[in-house]
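1. Just need the structure, nothing else, for what follows:
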Amino acid sequence: SSSSSSSSSFRFVVRIENAPTGLVFVGNSSLIKGVAQVLWCFTWTADFLHFPTIHFLIKFLTFQLFLCFLLLHFLFFCWSKVIMLFLRAVQRVSTPVVRSGRTLTTTTSQLRDMFCMQCEQTEAGTGCTTVGVCGKTPETAGLQDVLVENVKGLSTYAHLNRELGVAEDEEANRFSLEAMFSTMTNVNFDSSRFVNEYIPKSIEIKDRLKTNYLNACKEKGVEPQNLEGTPAAFTPIGTTEEELLENAKAVGVLERRGEYGEVLSGLQELVTYGVKGAAAYANHAKCLGKESPTIYSELQRCMYTVGQKPDMDTLVGAAMDVGKANLEVLQTLDAAHRAKFGIPEPTSVKIDPIPGKAILVSGHDMGDLYDLLEQTQGKGINVYTHGEMLPAHSYPELKKFDHLVGNYGGAWQFQKFEFAKFPGPVLVTTNCIIEPRKSYADRTYTTNVVGWPGVTHIPGDGIGSKDFSAVIDQALSMDGFLTTTPASDKAITVGFGHETILSIADKVIDAVKGGDIKHFFLIGGCDGSEGERNYYKELAASTPDDSVILTLGCGKYRFNKMDLGEVPNTGIPRVLDMGQCNDSYGAVVVASELAKAFGTDVNGLPLSFAISWFEQKAVAVLLTLLHLNVKNIALGPNLPAFVTPEVGAFLTETFGLRGADVKNVQEDLKQYLA
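-> Numbers count the residues shown, from 1 in each chain. So this is what the prediction gives:
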C-alpha cells in the first residue's frame, strides 16, 4: 500500500499481485484492503482444494463478489470525483508564497496533492495528481520540484560566473548532475534524502556561487544582473519536510503553466527533462572518471535559459542545445566505458540460472558491477545481471570474471516478480527501481542516487570503490539456487558495439548494393508496463528478412529472445544488440558512417527509427537526434504530455516527428518501408 502524511483520504493503493487469479485492486479507502484480503484468501483456498465442485463454487462466488464490489466501488469513485470537481470549482484557495524574490498569490486546489508529467506513463496521459503511477508520493514530488528549482538557480550563478571568468566550482558541477539525476523517474523515492541531503546542499552551493558572482561583479565594476523573478532568487525556506513542502506550492509545473502559459511551460519542461537525462548520462561518465567542462557549462546554460522568461524560439533553441550537449555526453560515456572495460565483443549470454549462491545487479552502472565482481571473487557467489546491465557480458574486463554467469529476468517493470523469485540479494545501481515487495525488501540494496524508504543504501558517489560487504554477507547467508532447470542452450547475443559493426562495414555496404539488405530499423529505447508496447515486438517480428534491426536500451526485451536468424546470403544477424540506452552514441556513429559510405546524410539511408520512450534519458536522446536533424522518427507508445499541440505541430513540420501507430503495426510498417 502507498499512503502519505497528508490528511487527504483520497490516496490509498492496494495491490494483491500474488493471488492465483491475479487480483489487482486500486482504490481509495481501507475498505478495499479488507475486501481484497478476504477475496485473496478465497482464491488461495480454492486452489488448494481438489474437489472440483467446491473448487468451482468458491471461484464462482469469489468472482461474483468481485463484480459486485467493483460496481459499488466504481459508483463511489464517480461520486467522489463529482464532489472533488465541485469543490475545485467553488472552493479555490489563494495561497501567498514567496517565489523568486517576490510574493505571488498562487491559486491552487486543496485537493490537488501533486502534479508530475515527466514520464510516458503519466496518469491519463496528462499528469499524476494524487500519487505517481511510478509510486512517487506527493511529498517526494514536491521536494523534487523544490530541488530542481534550486538547481536552476545554482546553474544561473554558475553560468554567470563563467561569463565573468570565475574559476570553475567542481563541487557545484558534480552536484548539479547528481541532483538532477535524483529527480528522474524511478530513481529516488526517499524523501529523507531530499530533506537532509540534496536540498540543503543545493542551498549551500547556490549561496556560495552567488557570493562569488557578486564579488566578481564588484571586482570588475560590473552591475549584477537583475535576477528578480527567476529561480536564482528562489531560496527554500525551512528545514523540515513540512516546511520545505510549503515552498513546492510556488515552483510546480502548474504554477509555471499559470504564469507562462501551456506552450512555454511545456517547452520549459522539455528542456528541463532533457537536462535531467543528459545529467544522468554525464553522471555515469563522471563515475567512470570522464568529465568535460563543456558538458557542465552547456547544461547549466540551458537551465539558466529556462528560468529567464524566454520566448518560444529561445526555448526551442535551448532544447536543441540540450541535444547537442547530450551528444558530447554520450560520446564521453562511450569513451569512458571503453577505456575502463574494453571494446564490446559479440557474446552469448546464458539466461538460465545455475546452482549456487547468487547476487543480482540491476540498473546501468558498470563501475559498481566491476567493484562487486572484484569483491566477490573466490567467495563462491555467482553474479547475474538484470535489465540494462545485460550488455556487461560483452566487455572484456567484465566477462573475464568467471562468476559473472548470466542474465536473470527481463526489463525493469517485471522486477516485483523477478526479484521476489531470485534467491539472493539485489543491488540496484541506477534507475529503474519500483516499490519493493515485503518478500524481498530486506535483501534489496540501493547505491548512488537511487533510494527507496526503508531499503538499505550503500554509500558512495560512484567515484572510487564502494564497500559491498553487506550485500556479499547476505548472499553467503542464503541458499541461492539449489536446483535449476534442465541444461539448455537458451542465450541472448549481445556486444554489437559500433566498432564491431563498422568492422564489417564493407560487407554491409556490399549487401546493400547487391540487394541482400534493403532496409535498416533502429527499434529501441525504454520498456514499460503497457500492453501497447507489444507494438515493438510485433514490429520486429514483422520486419522483412532482408532487413537488419539495430537495438539498444531495455525496449529490446520485447523481442530479443526471438530468433530472427540472419539476413539471407550475408551471414549478418538480423538483430544487432548495441547495448544499453547509455550506448546510444554507437547508433549515431554507425548511421553517420554508413551515410558517408553511401554519399548521403542519415535521412538518405534506408533507415527507420522506431523509438520507445519512458523517462528523461529518452528525452535527451530524442533531442540529440533532432539536433542532428534526423527526421521521420516514430515515437511511442504515446507522445509526451508536456508536448503541447502547438509544439507537436512544430516538431512534425520541422522534423517529421510522429507518434507510432501502435494499433496498426502492419500499416506502420508500410510507412517505414515507403
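2. Ends of stretch 435-454, what's the gap?
-> 11 Å (C-alpha to C-alpha, to the nearest Å).
3. got the buried residues for it?
-> Using 16 or more other C-beta atoms under 10 Å as the test for burial, stretch 435-454 gives 435-437, 440-441, 443-452. Yep, even glycine has a C-beta here, placed from its N, CA and C like the rest.
4. Among the residues you listed, which are located in helices?
-> Counting by DSSP state H, the buried residues of stretch 435-454 place 440-441 in helices.
5. Cross the buried residues of stretch 435-454 against strands and list the overlap.
-> 444-447 (DSSP state E).
6. Those residues into TSV, with extra columns for pLDDT and distance to residue 120?
-> Output for those, formatted as TSV (pLDDT from 0 to 100; distance: C-beta to C-beta, whole Å):
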residue	pLDDT	distance to residue 120
444	98	25
445	98	28
446	98	23
447	97	26
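7. Greatest separation within the residues you listed: which pair is it?
-> For those, the farthest-apart pair by C-beta to C-beta is 444 and 447; their separation is 11.1 Å.
8. Now the common contact residues for the two.
-> residue 428 (C-beta atoms under 8 Å, 6 or more residues apart in numbering).
9. rewinding a little: and the ones in strands among the buried residues of stretch 435-454 as TSV, adding distance to residue 498?
-> Compiled in TSV, these are given as follows (distance: C-beta to C-beta, whole Å):
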residue	distance to residue 498
444	34
445	33
446	31
447	29
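10. and of those, the nearest to residue 177?
-> Looking across those and measuring by C-beta to C-beta, the closest to residue 177 is residue 447, at 15.9 Å.
11. Show me what that closest one bridges to in the sheet.
-> residue 458 (DSSP bridges).
12. roughly how far apart are it and residue 580?
-> 17 Å (C-beta to C-beta, to the nearest Å).
13. before we move on, what about residue 72?
-> Taken as C-beta to C-beta, the span from residue 72 to residue 580 is 46 Å.
14. When those two are compared, which one has more neighbours?
-> Per other C-beta atoms under 10 Å, whichever of residue 72 and residue 580 has more neighbours is residue 580, with 27 against 12.
15. wouldn't that one be in contact with residue 388 here?
-> Yes. Judged on C-beta atoms under 8 Å, residue 580 makes contact with residue 388 at a distance of 4.8 Å.
16. Return the backbone torsion pair for residue 608.
-> Residue 608 has phi and psi values of phi -120, psi 140 when expressed as degrees, to the nearest 10.
17. okay, now it: neighbour count?
-> When neighbours are counted by other C-beta under 10 Å, residue 608 registers 22.
18. Three-state assignment for the closest residue in space to it that isn't next to it in sequence, please.
-> Excluding its sequence neighbours, the residue lying closest to residue 608 (C-beta to C-beta, 6 or more residues apart in numbering) is residue 672, at 4.0 Å. The three-state assignment at residue 672 reads helix, by DSSP: H, G, I helix; E, B strand; the rest coil.
19. ok, residue 672 - contacts?
-> Neighbours of residue 672 in contact, by C-beta under 8 Å, 6+ apart: 519, 521, 608, 610, 634.
20. Now do the contacts for the last one.
-> This points to residue 634. 608-611, 658-661, 668, 671-672.
21. One more: the first one?
-> Residues near residue 519 by C-beta under 8 Å, 6+ apart: 543-544, 546-548, 606-608, 672-673.
22. hmm, 7 Å instead?
-> By C-beta atoms under 7 Å, 6 or more residues apart in numbering, residue 519 lies in contact with 547, 606, 673.
23. What of residue 314?
-> For residue 314, the contacting residues are residue 305, by C-beta under 7 Å, 6+ apart.
24. Regarding it, which helix or strand does it belong to?
-> Counting by DSSP states H and E, the element that carries residue 314 is helix 312-341.
25. Next: residue 651.
-> If you go by DSSP H and E, residue 651 is part of helix 645-655.
26. any idea of the mean pLDDT for the very next helix or strand once past that helix?
-> Sequence-wise, the next helix or strand beyond helix 645-655 is strand 658-659, with elements assigned using DSSP H and E. Across strand 658-659, pLDDT averages out at 97.
27. Ok, stretch 221-237 next?
-> 95.
28. now do the same end-to-end measure for that stretch.
-> 32 Å.
29. Find me whatever residue is spatially closest to residue 372, sequence neighbours aside.
-> Distances taken as C-beta to C-beta, 6+ apart place residue 468 nearest to residue 372, at 5.1 Å, with adjacent residues excluded.
30. Residues that sit against both of residue 580 and residue 388, list them.
-> Here residue 580 and residue 388 share the contacting residues residue 364, scored by C-beta under 7 Å, 6+ apart.
31. Now for the nearest residue to residue 298 once chain neighbours are set aside: which residues touch it?
-> Excluding the flanking residues, the one nearest residue 298 by C-beta to C-beta, 6+ apart is residue 325, at 3.8 Å. Residue 325 is in contact with 278, 295, 298-299, counting by C-beta under 7 Å, 6+ apart.
32. want to throw the contacts of residue 519 into CSV with pLDDT, neighbour count and distance to residue 563?
-> Formatted as CSV, the contacts of residue 519 follow (pLDDT from 0 to 100; neighbours: other C-beta atoms under 10 Å; distance: C-beta to C-beta, whole Å):
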residue, pLDDT, neighbour count, distance to residue 563
547, 98, 19, 15
606, 97, 16, 24
673, 97, 14, 22
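33. Now distance to residue 134 too, for those, in JSON lines please.
-> Shown next, in JSON lines, are the contacts of residue 519 (distance: C-beta to C-beta, whole Å):
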{"residue": "547", "distance to residue 134": "35"}
{"residue": "606", "distance to residue 134": "38"}
{"residue": "673", "distance to residue 134": "36"}
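34. Tell me the one among those nearest to residue 319.
-> Taking the contacts of residue 519 together and measuring to residue 319 by C-beta to C-beta, the closest member is residue 606, at 28.4 Å.
35. where does the closest residue to the closest one other than its chain neighbours fall, phi/psi-wise?
-> Nearest non-adjacent residue to residue 606, counting by C-beta to C-beta, 6+ apart: residue 519, 4.7 Å away. Per-residue torsions, residue 519: phi -160, psi 150 (degrees, to the nearest 10).
36. Can we start the residue count at 26 from this point?
-> All right, first residue 26 from here; so that's residue 544.
37. so residue 544 bridges to which residues?
-> Under the criterion used here (DSSP bridges), residue 544 is bridged to residue 572.
38. State the pLDDT value of it.
-> On the pLDDT scale, residue 544 gets 98.
39. quick one: it from residue 537, how far?
-> Distance from residue 544 to residue 537, counting by C-beta to C-beta: 9 Å.
40. Grab the nearest non-local neighbour of residue 153.
-> residue 141 (4.9 Å).
41. number of nearby residues for that neighbour?
-> Per other C-beta under 10 Å, the neighbour tally for residue 141 reads 26.
42. quick one, what contacts it?
-> 147, 152-153, 157, 161, 166.
43. Output these as CSV; include the columns secondary structure, pLDDT and neighbour count.
-> As requested, the contacts of residue 141 are arranged in CSV below (DSSP: H, G, I helix; E, B strand; the rest coil; pLDDT from 0 to 100; neighbours: other C-beta atoms under 10 Å):
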residue, secondary structure, pLDDT, neighbour count
147, coil, 94, 22
152, coil, 96, 18
153, strand, 96, 23
157, coil, 95, 24
161, coil, 96, 24
166, helix, 97, 26
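44. a markdown table for those residues, including distance to residue 627?
-> Shown next, in a markdown table, are these (distance: C-beta to C-beta, whole Å):
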| residue | distance to residue 627 |
| --- | --- |
| 147 | 31 |
| 152 | 34 |
| 153 | 36 |
| 157 | 36 |
| 161 | 37 |
| 166 | 38 |
